[in-house]
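In: how would this look folded up:
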Amino acid sequence: QVQLVESGGGLVQAGGSLRLSCAASGRTFSSYVMGWFRQAPGKEREFVAAMRWSGGSTVYADSVKGRFTISRDNAKNTVYLQMNSLKPEDTAVYYCAVKVRVIATMTSQYDYWGQGTQVTVSS
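Out: The predicted structure follows:
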C-alpha cells in the first residue's frame, strides 16, 4: 500500500521561503513520477511541479517557475518542494501524489495522494 505523508507547511510572510517534504513508502518508486499539487479555498486542485523519481525531467506550472524547485532524496524516499519568494496567492493546501512512468499535470492521472499540508502566505 502506497503511503505519502506531507510535512513542512506553515505560516510565512510574503517573500519568505518554505520547504515541503513528502515521505513515500509502500513501493519501490524508481519508475514512478512524483507530483506536487495545491488547492486554494474555493478553487480546483492545480498542478505545481513534477519529476521522475529516477531523475532527469522536471515540469513546473508557469505560476511557480523560477521560484519553486522539486527534488528528491533517494535514501530517504522523500520528495521536496522548495518554495522561495512566496506570494499570498501561493496560499493553499499542498498535496504530493504519485503515478507511474510519464510526467503528467492533471490530477486525474495520479494514483495515490497524501493528506496535504497547509501553506499560508501573509501579505
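In: CA only for contacts and neighbour counts going forward, please
Out: Noted.
In: what residues are up against residue 39?
Out: 45-46, 92-94 (Cα atoms under 8 Å, 6 or more residues apart in numbering).
In: and the gap between it and residue 83?
Out: In this view, residue 39 and residue 83 are 16 Å apart by Cα to Cα, to the nearest Å.
In: Same check on residue 49?
Out: Taken as Cα to Cα, the span from residue 49 to residue 83 is 11 Å.
In: The two - which one has more neighbours?
Out: residue 49 (26 against 20; other Cα atoms under 10 Å).
In: okay but the more buried one is in contact with residue 61, surely?
Out: Yes - the pair residue 49 / residue 61 is scored as a contact, 6.2 Å apart, by Cα atoms under 8 Å.
In: For this protein, which segments count as strands?
Out: For the chain, the strands defined by DSSP state E cover 3-7, 10-13, 18-25, 32-39, 46-52, 58-60, 68-73, 78-83, 92-100, 112-113, 117-122.
In: what sits against the residue nearest the centre of the chain?
Out: In the chain, the centroid-proximal residue (Cα atoms, centre = their mean) is residue 36; its distance is 2.3 Å. Contacts for residue 36 (Cα under 8 Å, 6+ apart) come out as 47-50, 81, 94-97.
In: run the last query once more with 6 Å
Out: Listed by Cα atoms under 6 Å, 6 or more residues apart in numbering, the contact partners of residue 36 are 48-49, 95-96.
In: Reformat these as TSV; add distance to residue 56 and pLDDT.
Out: Output for the contacts of residue 36, formatted as TSV (distance: Cα to Cα, whole Å; pLDDT from 0 to 100):
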residue	distance to residue 56	pLDDT
48	17	98
49	13	98
95	22	98
96	19	98
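In: Residue 57: which of the residues you listed is nearest?
Out: Set against residue 57, the nearest of the contacts of residue 36 by Cα to Cα is residue 49 (10.8 Å).
In: so how far is residue 37 from the closest residue to that closest one other than its chain neighbours?
Out: Here the nearest residue to residue 49 in space, its sequence neighbours aside, is residue 60; by Cα to Cα, 6 or more residues apart in numbering that works out to 4.3 Å. Residue 60 sits 10 Å away from residue 37, going by Cα to Cα.
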